[in-house]
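[1] A structural model of the following input is requested.
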Amino acid sequence: GEIYASILHDINGPLTVISGFVQLMNQRFGSSNRLEQQDVEFLKDRLKIITRQITNCIEISRRYLGFLRKQSDEAPRVGVNQLLADLQHLTNVHPSLQHNSFTIQPLAEDIGVKMNGTDLIQVLLNLTVNGFQSSTKPHDVSIRGTVLHEPLDLTSFHDNSEERFLNVENFENTTPLLQISVADTGPGIPAEVLPRIFQPYFTTKGSIQGTGLGLNIVQRLIKEAKGALHVRTRKDEGTVFSVYLPAARLMR
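    Numbering: from 1, shown residues only. Alright, predicted model coming up:
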């Protein structure tokens, strides 16, 4: 049952984006009898994004079919900055954005990542939405990408009431490494909650906002890519989730 719940959770993200764009277009053009050229260009742009989200749904279903069939294909090398640009489009129409501030700082020099592009977007979208939902008050959520040219010093990470580091055993800690951090200025994660946030079906948001699967899926996808995940939280200051993934030069 857990695998099917994960499928529904993951597909819900792209479907939410598609629904948001359809509602936006209906509000703008629902009562129009004719379209100007700029309207046509607007529609073309939105339809391209909707098409990408439909492709994401297909890729998600293929990913789980491959998992069920025990298939493992080599992950393609995907340009990170293009994925961050796609994430910006998705987040702009996501209902969780509301009155919050959201910024993305791309890589100074683009690099590839040894992970399926749809999977990385799912990871970042889950972490971003999690950041939005960390507080009902307006707050900031930001994403920053960095390329690391030295392996991580794993002895500097410690599990305690404010930090967790996941997948040490399976982590491919070789350079270059991609670090993408998702930070929010929410209230932080309580010490008694932090050890449980990656458990399946654990949620503090209630059944309307959360299923308790988002962070569990994030952890699993990162592990499958031989990456690692670090979370650091401070009371009344916010939380930072840092994703570390094996990187590679882009294939031209």
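[2] next one: stretch 20-27 to chain centre, how far?
    Relative to its chain's centre, stretch 20-27 lies at 23 Å (Cα atoms, centre = their mean, to the nearest Å).
[3] Now stretch 228-238 - C-alpha only, PDB.
    What follows is stretch 228-238, C-alpha atoms only, in PDB (Å, rounded to 0.1, in the frame of the first residue of the first chain):
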ATOM      1  CA  ALA A 228      22.800  12.600   1.200                       C
ATOM      2  CA  LEU A 229      20.500  14.900   3.000                       C
ATOM      3  CA  HIS A 230      21.300  17.200   5.900                       C
ATOM      4  CA  VAL A 231      18.700  19.200   7.900                       C
ATOM      5  CA  ARG A 232      19.500  21.900  10.400                       C
ATOM      6  CA  THR A 233      16.800  23.700  12.300                       C
ATOM      7  CA  ARG A 234      16.800  26.500  14.900                       C
ATOM      8  CA  LYS A 235      13.800  27.600  17.000                       C
ATOM      9  CA  ASP A 236      12.300  30.900  15.800                       C
ATOM     10  CA  GLU A 237      15.000  31.100  13.100                       C
ATOM     11  CA  GLY A 238      14.000  28.500  10.500                       C
END
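[4] buried stuff in that stretch?
    Neighbour-count burial for stretch 228-238, counted by 16 or more other Cβ atoms under 10 Å, picks out A228, L229, H230, V231, R232, T233, G238. Yep, even glycine has a C-beta here, placed from its N, CA and C like the rest.
[5] what comes up buried for the longest strand along the chain?
    If you go by DSSP state E, the chain has its longest strand at strand 238-248. Applying a neighbour-count criterion of 16+ other Cβ under 10 Å, the buried positions in strand 238-248 are G238, T239, V240, F241, S242, V243, Y244, L245, P246, A247.
[6] mind listing what the second one touches?
    Yep, that's T239 we're talking about. For T239, the contacting residues are G131, S134, A183, D184, G186, G188, I189, V231, R232, T233, by Cβ atoms under 8 Å, 6 or more residues apart in numbering.
[7] re earlier: narrow the buried residues of stretch 228-238 to those in strands?
    Within the buried residues of stretch 228-238, residues falling in strands by DSSP E are A228, L229, H230, V231, R232, T233, G238.
[8] For the fifth one, give the beta-bridge partners.
    So that's R232. Legend: beta-bridge partners of R232 under DSSP bridges are E163, V240.
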